[in-house]
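[1] predicted model follows, preceded by the sequence.
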Amino acid sequence: MSPRPAAATTTELSGLRSRRLFAEARRWIPGGVNSPVRAWGRLGGEPPLIERGEGPCLIDEDGRHYIDYVLSWGPLLHGHAHPKVLAAVSEAAQRGLSFGAPTRHETALAKVLTEALPGCEQVRMVNSGTEATMSALRLARAATGRDLIIKCEGCYHGHADHLLVAAGSGAATFGHPDSAGVPAAFAEKTLVVPYNNTAAMEAVLKAHRHQVAAIIIEPVAGNMGFVQPVDGYLRALRRLATSHGALLIFDEVMTGFRTAWGGYQARCRVRPDLTCLGKVIGGGMPAAAYGGKRAIMRLLAPEGPCYQAGTLSGNPVAVAAGLATLRLAAAKDFYQKQELRLSRLVQGLEARARQHGVPFQAGVCGTMWGFFFAPRTVTNFAEAAAAHLERWTAFIRVMYARGIYLAPSPFEAAFWSSVHRSSHVKATLAAADEAFAAAAAV
Ligand SMILES: *Cc1c(COP(=O)(O)O)cnc(C)c1O
């Protein structure tokens, strides 16, 4: 199903020490990784093993330096090992790693989140984005007494059974499992429609009247590459959800505190019923949350009948990392400033692509960005999948060789941190000049 990676030799991608360490990892860990995309399968090579991070840079086991635009897949809004985040973490750790009992720090984080997010009056902390979406859906089903959910093709909402479903075809269809081990009976509860297609959403809602518990969506998609909602799309979903008695869930695990203070919902002024958060709110530690209107959140145990729990939920060290990260982002005009700085990078890339005659589409939203080797703006998964894979591969391989660390898959977003400087932009653009030349030769 996924396109074949271009032929490549591993020697070009990682150094000798990384290759030895990765061979050892593969003996004891399936594929050598604890999350599949880290294996660099699409590039047909092996990943360097990371020794440490410093600000916007990664240093691998062979001592190679990279300018990092993956940032742990989103959480590191202020780069690696930020002194203020580290200080908060070590201070919290001194007091103990976990209590399994309430602390005032959880309340402090809940207050920051609910004040920032228009759609959240209360939040419940969990440990990962997967837990957040899984729990939000259970809550939506509890609130509506309905079973079906609608998701968009190409959107990723974590690896819970009901959500590991892509599309059977471009048309609206019952979901097919996207993974072995997902019972068909679960996948059938998930309906899949193309992103940015209001008519398809409306048709599915009409075909399943009084059965749909929720529409779940990434308000800006970052798991099929970087794909922004077209004008009016999210507003239309809000209207459709309300008129069909379904809840609207914004999965802001990636966009929350990346695209704007208060998430993309603050930026687009569409208020979801439930919101899922993760990544940035843990600042690099495992923390996530889901929240919504008090009337819905009240259904959660111990107040209500919908059960959800977690031994390490609201972990004090993770909460400290999250709070420190958010405090740094609360500065006036933080997101506008970062977006402006990031835009210089993206415009620089577009200009170089033009010079080399390579069709290239790039976009920015806050501190999130991405690009496709495509002739026109990409608006859904089918268009993302039609982008030029060989050009992307040629481009990325040169970028790695020149010390620029981007996601090893064309179906991922890129990120920016508050500690990236114009010197990093300059170095990235110099590498890109060569990389576009390689892409143009494909
Ligand atoms: C990363 C991500 C998730 C899953 O979060 P994990 O912490 O990896 O479980 C869910 N939804 C979106 C939009 C994400 O980007």
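    Great, that's in hand.

[2] would you say residue 378 is within a strand?
    No. Applying DSSP: H, G, I helix; E, B strand; the rest coil, one finds residue 378 to be coil, outside a strand.

[3] neighbours around it, how many?
    Applying other CB atoms under 10 Å, we find 26 residues neighbouring residue 378. Using the backbone N, CA and C atoms, a C-beta is placed for each residue, glycine as well.

[4] quick check: closest non-adjacent residue to residue 271.
    Closest residue to residue 271 apart from its sequence neighbours, by CB to CB, 6 or more residues apart in numbering: residue 119 at 4.8 Å.

[5] quick check: that neighbour touching residue 269?
    No. Residue 119 is not in contact with residue 269 according to CB atoms under 8 Å; the separation is 10.9 Å.

[6] for these two, indicate the residue with more neighbours.
    Legend: neighbour count by other CB under 10 Å for residue 119 and residue 269, higher for residue 119 (22 against 11).

[7] could you break the chain into its assigned domains?
    Domain assignment for the chain by automatic domain parsing gives 16-68+332-440, 83-329.

[8] format those domains as JSON lines; extra columns: distance to the ligand and mean pLDDT.
    Conversion of those to JSON lines gives the following (distance: least, CB to the nearest ligand atom, whole Å; pLDDT from 0 to 100):
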{"stretch": "domain 16-68+332-440", "distance to the ligand": "7", "mean pLDDT": "96"}
{"stretch": "domain 83-329", "distance to the ligand": "2", "mean pLDDT": "95"}
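
[9] among these, show me which one is buried the most.
    Ranked by mean neighbour count, the domains of the chain are led by domain 83-329 with a mean of 20 (mean count of other CB atoms under 10 Å).

[10] how far off centre is that domain?
    The chain centroid and the centroid of domain 83-329 are separated by 11 Å under CA atoms, centre = their mean, to the nearest Å.

[11] quick check: end-to-end length of that domain?
    From its first residue to its last, domain 83-329 covers 14 Å (CA to CA, to the nearest Å).

[12] contacting residues for residue 102?
    Counting by CB atoms under 8 Å, 6 or more residues apart in numbering, residue 102 touches residue 314.

[13] pretty sure it sits in a helix.
    No. Per three-state DSSP, residue 102 lies outside any helix segment and is coil.

[14] which phi and psi does it have?
    phi -60, psi 150 (degrees, to the nearest 10).

[15] name the SS class of residue 437, please.
    Classification of residue 437 using three-state DSSP returns helix.

[16] contact partners for it?
    residue 356.

[17] which residues in the stretch 51-200 of the chain form helices?
    With helices called from DSSP state H, counting those that start in this stretch, the stretch 51-200 of the chain shows them at 83-94, 104-116, 129-144, 184-187, 198-207.

[18] after the last one, which helix or strand is next?
    Right, helix 198-207. strand 212-217 (DSSP states H and E).

[19] just checking: what are the partner strands of that following strand?
    Sheet pairing of strand 212-217 (DSSP bridges) gives strand 148-152 (parallel), strand 247-251 (parallel).

[20] mind listing residues that contact the first one?
    Spelled out, it's strand 148-152. In contact with strand 148-152 (CB under 8 Å, 6+ apart) are residues 137, 140-141, 157, 162-163, 165, 175, 189-195, 201, 204-205, 208, 211-218, 221, 246, 380-381.

[21] follow-up on the earlier one: would CSV of the helices of the stretch 51-200 of the chain with distance to residue 411 be doable?
    Output for the helices of the stretch 51-200 of the chain, formatted as CSV (distance: least, CB to CB, whole Å):
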stretch, distance to residue 411
helix 83-94, 29
helix 104-116, 28
helix 129-144, 17
helix 184-187, 20
helix 198-207, 21
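
[22] quick one: which of the ones you listed is nearest residue 294?
    Closest approach to residue 294 among these (CB to CB): helix 104-116, 9.7 Å.

[23] what helices or strands is that closest one leaning on?
    strand 122-126, strand 288-292, helix 316-329 (3 or more CB pairs under 8 Å, 6 or more residues apart in numbering; DSSP states H and E).

[24] residue 324 contacts residue 89, doesn't it?
    Yes. The criterion here is CB under 8 Å, and residue 324 meets it with residue 89 at 7.5 Å.

[25] residue 218 and residue 393, how far apart?
    Separation of residue 218 from residue 393 (CB to CB, to the nearest Å): 25 Å.

[26] then residue 247?
    40 Å.

[27] just residue 434 next, same as before
    If you go by CB to CB, the gap between residue 434 and residue 393 works out to 15 Å.

[28] repeat that for residue 288.
    Taking CB to CB, one finds residue 288 at 32 Å from residue 393.

[29] what of residue 81?
    Distance from residue 81 to residue 393, counting by CB to CB: 31 Å.

[30] in this protein, where's the longest helix?
    helix 334-355 (DSSP state H).

[31] outside of that helix, which residues touch it?
    259-261, 328-329, 359-360, 362-367, 369, 371, 416, 418, 420, 422, 425, 428-429, 432-433, 436.

[32] please flag which of these sit within helices.
    Counting by DSSP H, those contribute 328, 329, 422, 425, 428, 429, 432, 433, 436 to helices.

[33] could you find which two of the residues you listed are furthest from each other?
    For those, the farthest-apart pair by CB to CB is 328 and 436; their separation is 33.8 Å.

[34] surely residue 278 meets residue 125?
    No. Contact between residue 278 and residue 125 fails when scored by CB under 8 Å: they sit 10.4 Å apart.

[35] which neighbours do these two have in common?
    Shared contacts of residue 278 and residue 125, defined by CB under 8 Å, 6+ apart, are found at 287, 288, 289.

[36] surely the last one and residue 125 touch.
    Yes. Assessed by CB under 8 Å, residue 289 is found in contact with residue 125 at 5.0 Å.

[37] list the residues that contact both of the two?
    The contact lists of residue 289 and residue 125 share residue 110, where a contact means CB under 8 Å, 6+ apart.
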